[in-house]
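>>> quick one: sequence and predicted model below, then my questions.
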Amino acid sequence: MKISASIYSDKNRPLKEVIEDLMEHQVDLLHVDCNDDLSVFEDIKRIREMCDLPIDLHIITESPSKYYQELIDNPVEYVTFQYEDLKEELQIPMEVTGKKGIAVITPTSVDAFDEFNDFDFILIMATIPGQSGGKFDTVNFAKIREFRKKFPGKSVHVDGGVNAEVSFILRNMGVTSAVSGSYLFNAASIGNALMNLTQREVESHFHVKDFMIPLNESPTVRMDELSLAEILSSIDYGKLGFTLILDDDGKFLGLVSNADVRKGLLRHLDDLNALRGVELINKSPVTIQEDATVLEMLQLIKQSNFPIMYLPVLNNEGFASGIVTFVNLIKGEL
């Protein structure tokens, strides 16, 4: 996941000094906020004279058309328009280069992206736009999952409340870019903050249930429907490499993974018709409680003597709540 440094969050230093500091620490992107002010392109010109770091421009305006010529004359790598402020149709000329995105605030549904499906990404504002230092609203974890499911070929960017812990969760969810402002500049140093934003161990305030894939979005098979065909269908539908096995009331009984199916087939090569779904169930997989913190989750993974790719999530009564997978996190670390 790329870190996009919000350059105007540093109120104490001149722009040149801020950019030089960010260059020295090899930040991924420079996030430039524009609250309906064309003079922002003067700063963009100055930045271009200082460095070639990609510029991530977020424009809040009722009239996007007045920015088109400036964007043609001063191309940026990423340009985003704030959805809720638009009073005219957003028709960006082909001459405007760079990736294009639409930003939405927390109460706005990701369905707003339907109008802009030729755009490259959505920017989810996890706090109030323009308000530095706000707290990340956990509702946005569900919005990220919803967007990735509905628009699998598009990228997700996040702005607001991104600290070390939130950064870890966002990386695990497959977010492409996260904007960091007050957290980055209020740290002891930018280097220290960047290290925290990309580290694998973090202090915890969020719980697993805040960002897990909920049960209604997870692949499951009930015992009264258990069969080899149902298991294979559920694994294929979920595209996660496994399915949860539940009793009729939703209590967790175990899981069946691709590996469990493979081992079952090997045991019955002489008579595949003898293979029964119940034989494939792993009744004692590693699981985690929904109230566990991120730190507790990481400690559990480290204590395991084999790689963990996914974790069933249970409540205190042993009922399945959802799952956590680590596929996106692994991809993001490559």
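Cool, got the structure.
>>> only C-alpha atoms for contact and neighbour calcs from this point on.
Will do.
>>> for T176, which non-adjacent residue is closest in space?
Nearest residue to T176 in three dimensions, chain neighbours excluded: M1, at 4.9 Å (C-alpha to C-alpha, 6 or more residues apart in numbering).
>>> in contact with that neighbour: list those residues for me.
Remark: with contacts taken as C-alpha atoms under 8 Å, 6 or more residues apart in numbering, M1 is in contact with 171, 174-178, 332.
>>> mind picking the two most distant members of those residues?
A178 and G332 (12.8 Å; C-alpha to C-alpha).
>>> comparing the two, which residue is more hemmed in?
With other C-alpha atoms under 10 Å as the criterion, A178 and G332 differ in neighbour count, and A178 comes out ahead with 29 against 16.
>>> what comes into contact with the helix or strand that one falls within?
Here A178 sits within strand 177-180, counting by DSSP states H and E. The contact list for strand 177-180 (C-alpha under 8 Å, 6+ apart) reads 1-6, 31, 156-163, 167.
>>> buried residues in that strand, which are they?
Of the residues in strand 177-180, those with enough neighbours to count as buried (16 or more other C-alpha atoms under 10 Å) are 177-180.
>>> pLDDT below threshold where in the stretch 51-200 of the chain?
Within the stretch 51-200 of the chain, the set of residues satisfying pLDDT under 70 comprises 128-134, 189, 192, 195-196, 198-200.
>>> now the strands for it?
Defined through DSSP state E, counting those that start in this stretch, the strands belonging to the stretch 51-200 of the chain, from first to last, are 55-60, 78-82, 99-105, 121-125, 155-159, 177-180.
>>> spatially central residue in the chain, please.
Central residue check for the chain by C-alpha atoms, centre = their mean: the C-alpha nearest the mean position is that of V175, 3.0 Å away.
>>> where's it relative to V166, distance?
From V175 across to V166, the span is 11 Å (C-alpha to C-alpha, to the nearest Å).
>>> quick one: the residue of the chain positioned farthest from its centre and A229, what's the gap?
Going by C-alpha atoms, centre = their mean, the residue of the chain most distant from its centre is D270, 45.3 Å out. Note on D270: its distance to A229, by C-alpha to C-alpha, is 19 Å.
>>> again, but for Y237
For Y237, the distance to A229 (C-alpha to C-alpha) stands at 12 Å.
>>> give me the common contacts of the two.
Both Y237 and A229 lack any common contact, where contact means C-alpha under 8 Å, 6+ apart.
>>> of the two, which one has the most company?
In this view Y237 and A229 are compared by other C-alpha under 10 Å, and Y237 has more residues nearby, 15 against 11.
>>> ok, the more buried one touching T220?
No. With contact taken as C-alpha atoms under 8 Å, Y237 and T220 are classed as non-touching, separated by 9.9 Å.
>>> tell me the one of the buried residues of strand 177-180 nearest K209?
Checking the buried residues of strand 177-180 against K209 with C-alpha to C-alpha, the nearest one is A178 at 21.4 Å.
>>> so what's the closest one bridging to?
On the basis of DSSP bridges, A178 takes part in beta bridges with I3, V158.
>>> report the contact partners of V32.
Residues counted as contacts of V32 (C-alpha under 8 Å, 6+ apart) are 6-8, 55-58.
>>> alpha carbons only: can I get the host helix or strand of it in PDB?
Element membership of V32, judged by DSSP H and E, is strand 29-35. Listed in PDB are the C-alpha atoms of strand 29-35, where the atom choice follows Å, rounded to 0.1, in the frame of the first residue of the first chain:
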ATOM      1  CA  LEU A  29       2.900  10.200  -3.200                       C
ATOM      2  CA  LEU A  30       2.300  13.800  -2.400                       C
ATOM      3  CA  HIS A  31      -1.300  14.500  -1.500                       C
ATOM      4  CA  VAL A  32      -2.500  18.000  -2.400                       C
ATOM      5  CA  ASP A  33      -5.800  19.200  -1.100                       C
ATOM      6  CA  CYS A  34      -7.600  21.800  -3.200                       C
ATOM      7  CA  ASN A  35     -10.700  23.500  -1.600                       C
END
